[in-house]
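1. Pasting the sequence and the predicted coordinates here, then a few questions.
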Amino acid sequence: ILVKAGVYSTGTGKTKANGLDNRVQFDNGGYVRMIGLDGAENTFIVGAADPDAKDDPEKRGCGPNAVRCITVLTGGVIQGFTLTGGHSDYGEVDGETSIKVCGGMGTSTASEKPSGRTFFVDCIISNNVAYRGAMGYGGTYLRCYFADNHTIRNDGGLKGGVAANCIFTGNYNPGGTLRDGTAAYNCTVVENDTVGGVAFGRGDIYNSICRSAHAHPDPVTNIKGTIVDGVAQTSGEDTLLADPCFRDAENGDFRIASVSPAVGFGDPCAGDWWKFAGCDFYGDRYRFVGGKVISGAIQELVPSVRL
């Protein structure tokens, strides 16, 4: 399915599995590929708040009449879209992990445990709100930018998915940015407002850059080749507490200096890293320094000198 540039903010449908309202949905079986021809900067899928809850400071627009951006239950590839304004239902519905209250943008791969068969590639996922997991529930995310998403409950932002070469910034997730077994490969996870720290609940972090003012209250299962900055506590092998030397993080420039400790710190043998090692966030090839890779989502280095 090829989609031209535009703002898609009308029309809804309910998934058969759980009655979710979505702007776009695939739930009838069969693998699907949907591509925004002009990229995420020009192609928007816009969800909606529940009209009865949009002014409620606690629900923040979540409720039974809210609309998520997209739900994919069949598996496939969604590439080149901005998914924004999605909202979930509110409250404990069918148990804590029900996708009915997870993922304001509805990136689910199954009605129960996510399978990861759905790939979101080159997408911007921003300004979504959910009771749990505002960034998404399940799925695999490649070269995606997550910003300004809000999770209401004491839960994580991305639940049970896989993220590779992604940037997470400006998100509010009380239970951790990455949650419940989420695996992150060469990601940059910085400037997020989260009491739970970067990861909570048996997640894996490989060859990434993580900055948080809070500890990992529930240590991640594996953390390797990763630079941590401002994290009060971490666990795992092959990690370094250091300033990653971003070019201008306050203004969203997460390139690192050529003298950054992240250069040549990543472990090319970490987890399933090799499956996602084709290119970085900008599509540039990976660089090896002394047999190791550059940690973080961006391989481009800013020329600098060490004083």
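-> Great, that's in hand.
2. Which helix or strand lies directly C-terminal to the helix or strand bottoming out on mean pLDDT in the chain?
-> Lowest by mean pLDDT, DSSP states H and E among the helices and strands of the chain is strand 199-200, with a mean of 58. Following strand 199-200 in sequence order, the next helix or strand is strand 204-206 (DSSP states H and E).
3. so what does that following strand touch, helix or strand wise?
-> strand 183-185, strand 222-224 (3 or more CB pairs under 8 Å, 6 or more residues apart in numbering; DSSP states H and E). Any C-beta I mention is one placed from the backbone N, CA and C, and that applies to glycine too.
4. List the neighbouring strands of that strand plus their orientation.
-> Strand 204-206 sits in its sheet next to strand 183-185 (parallel), strand 222-224 (parallel), going by DSSP bridges.
5. gap between that strand and the chain center?
-> Its chain's C-alpha centre and that of strand 204-206 lie 13 Å apart, by CA atoms, centre = their mean, to the nearest Å.
6. what residues does the following helix or strand past that strand touch?
-> Proceeding N to C from strand 204-206, the next assigned helix or strand is strand 209-211, under DSSP H and E. Residues from elsewhere that reach strand 209-211 (CB atoms under 8 Å, 6 or more residues apart in numbering): 187-191, 198-199, 226-231, 244, 249, 254, 256, 262, 295-297.
7. Over to stretch 151-158?
-> 58-60, 62, 90, 101, 129-136, 141, 146, 149, 168, 171-180, 182, 192, 194-196, 200-201.
8. Mind giving me the ChimeraX select for those residues, buried ones only?
-> Entered in ChimeraX, the line below selects the buried ones among the contacts of stretch 151-158, by 16 or more other CB atoms under 10 Å:
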select :59,60,62,90,101,129,130,131,132,133,134,135,136,141,146,149,168,171,172,173,174,175,176,177,178,179,180,182,192,194,195,196,200,201
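9. just checking, which of the contacts of stretch 151-158 belong to strands?
-> 129-130, 136, 141, 146, 168, 178-179, 200 (DSSP state E).
10. Show me which pair in those is furthest apart.
-> In the ones in strands among the contacts of stretch 151-158, the most distant members under the criterion CB to CB are Val129 and Phe200, with 19.5 Å between them.
11. Near the closest residue to Asp27 other than its chain neighbours, how many other residues are there?
-> Spatial nearest neighbour of Asp27, chain neighbours left out: Leu73 (4.2 Å); criterion: CB to CB, 6 or more residues apart in numbering. By other CB atoms under 10 Å, 25 other residues sit near Leu73.
12. I figured Leu73 was touching Val24, is that so?
-> No - using CB atoms under 8 Å, Leu73 is not in contact with Val24, being 12.0 Å away.
13. Correct me if wrong: Ala40 contacts Thr84.
-> No - the pair Ala40 / Thr84 is not scored as a contact, 10.0 Å apart, by CB under 8 Å.
14. Burial-wise, tell me which of the strands paired with strand 204-206 comes out on top.
-> When these are scored by mean count of other CB atoms under 10 Å, the highest mean neighbour count falls to strand 183-185 (a mean of 28).
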